[in-house]
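Engineer: my questions concern the predicted model and sequence given below.
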Amino acid sequence: RKEVEQDPGPFNVPEGATVAFNCTYSNSASQSFFWYRQDCRKEPKLLMSVYSSGNEDGRFTAQLNRASQYISLLIRDSKLSDSATYLCVVSEIPGGYNKLIFGAGTRLAVHP
Amino acid sequence: DTGVSQDPRHKITKRGQNVTFRCDPISEHNRLYWYRQTLGQGPEFLTYFQNEAQLEKSRLLSDRFSAERPKGSFSTLEIQRTEQGDSAMYLCASRGRVHSGANVLTFGAGSRLTVL
């Protein structure tokens, strides 16, 4: 079983749609959680950290369920520029001060 | 350019040859990571340095792979006797000290290796 599992997609949605991605992790000792975004043939970039109480950054909302070992990312009012691969990332150390374990990513394609 | 720099960006080599990649992290970052990414997969952790000390190595890092960070600044990743399965994007990332405000893991653009 992979340490971090994601639905690979692709999710094909029209502009303005709301889309949700899910991620599960196997290590119950995981302490820190992140979503990264990776554009085609580019390096991953941090989208947002995920906090226990859930957190929002503009159109993006992240949720964490430690009991179910489950992380989600919700994107509201999708834009064409949101098309990318979204990587779920976990770390065993609070703050992610060691290696980060990446999921395989969920591909999002937003169309006009 | 104040980001993470990797060189070369692309390398094509024949099976059995040795290759070396270089990473120059953001100057004030003391922690440096190497990851490998193949098509359709997320980055896989290879190794981690804090300053010049290599603190963690993945089981993916076979004895053909070696990484160094001799002065705690730039790092090199060498692959000896390359195999076709080594074809991948090799990503370097760096981050600053804990509580420094520079703790975001920042990736370089990667070095793409093709082994023929």
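Structural biologist: Good, I have the coordinates.
Engineer: what count of nearby residues applies to B:Glu28?
Structural biologist: Using other C-beta atoms under 10 Å in any protein chain shown, the number of residues around B:Glu28 comes to 11. C-beta: built from backbone N, CA, C; applies to glycine.
Engineer: for B:Gln54, see how far away it is.
Structural biologist: For B:Glu28, the distance to B:Gln54 equals 20 Å [C-beta to C-beta, to the nearest Å].
Engineer: mind listing what the residue nearest the centre of chain B touches?
Structural biologist: Nearest to the mean C-alpha position of chain B, by C-alpha atoms, centre = their mean, lies B:Trp34 at 3.2 Å. Contact partners of B:Trp34, counting by C-beta atoms under 8 Å, 6 or more residues apart in numbering or on different chains, are B:Cys23, B:Leu46, B:Thr47, B:Tyr48, B:Ala67, B:Ser75, B:Leu77, B:Tyr90, B:Leu91, B:Cys92, B:Ala93.
Engineer: how far is the helix or strand harbouring it from where the chain is centred?
Structural biologist: B:Trp34 is located in strand B:31-37, with elements delineated by DSSP states H and E. With C-alpha atoms, centre = their mean, to the nearest Å as the basis, strand B:31-37 stands 4 Å off its chain's centre.
Engineer: show me what counts as buried in that strand.
Structural biologist: Under the neighbour-count criterion of 16 or more other C-beta atoms under 10 Å in any protein chain shown, strand B:31-37 has B:Arg31, B:Leu32, B:Tyr33, B:Trp34, B:Tyr35, B:Arg36, B:Gln37 buried.
Engineer: just give me the closest of the contacts of B:Trp34 to A:Gln38.
Structural biologist: Ranked by distance to A:Gln38 (C-beta to C-beta), the contacts of B:Trp34 are led by B:Leu91 at 10.2 Å.
Engineer: and for the closest one, the neighbour number?
Structural biologist: Counted with other C-beta under 10 Å, B:Leu91 comes out at 25.
Engineer: tell me the confidence at it?
Structural biologist: For B:Leu91, the model assigns a pLDDT of 97.
Engineer: what does chain B have sitting close to chain A?
Structural biologist: Residues of chain B found near chain A (C-beta under 8 Å from any C-beta of the partner chain) are B:33, B:35, B:40-45, B:48, B:56, B:58, B:91, B:98, B:103-105, B:107-110.
Engineer: which parts of chain B are helices?
Structural biologist: Taking DSSP state H to define them, one finds no helices in chain B.
Engineer: and chain A, by the same measure?
Structural biologist: Under DSSP H, chain A gives no helices.
Engineer: chain B contacts on that one?
Structural biologist: For chain A, the contact set with chain B under C-beta under 8 Å from any C-beta comprises A:4, A:8, A:42-46, A:87, A:95-105.
Engineer: how about a cut-off of 7 Å?
Structural biologist: A:43-44, A:46, A:87, A:95, A:97-105 (C-beta under 7 Å from any C-beta of the partner chain).
Engineer: please, a ChimeraX command that selects the buried ones among these?
Structural biologist: Buried residues within the residues of chain A next to chain B, by 16+ other C-beta under 10 Å, are selected in ChimeraX with:
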select /A:43,44,46,87,97,98,99,100,101,102,103,104,105
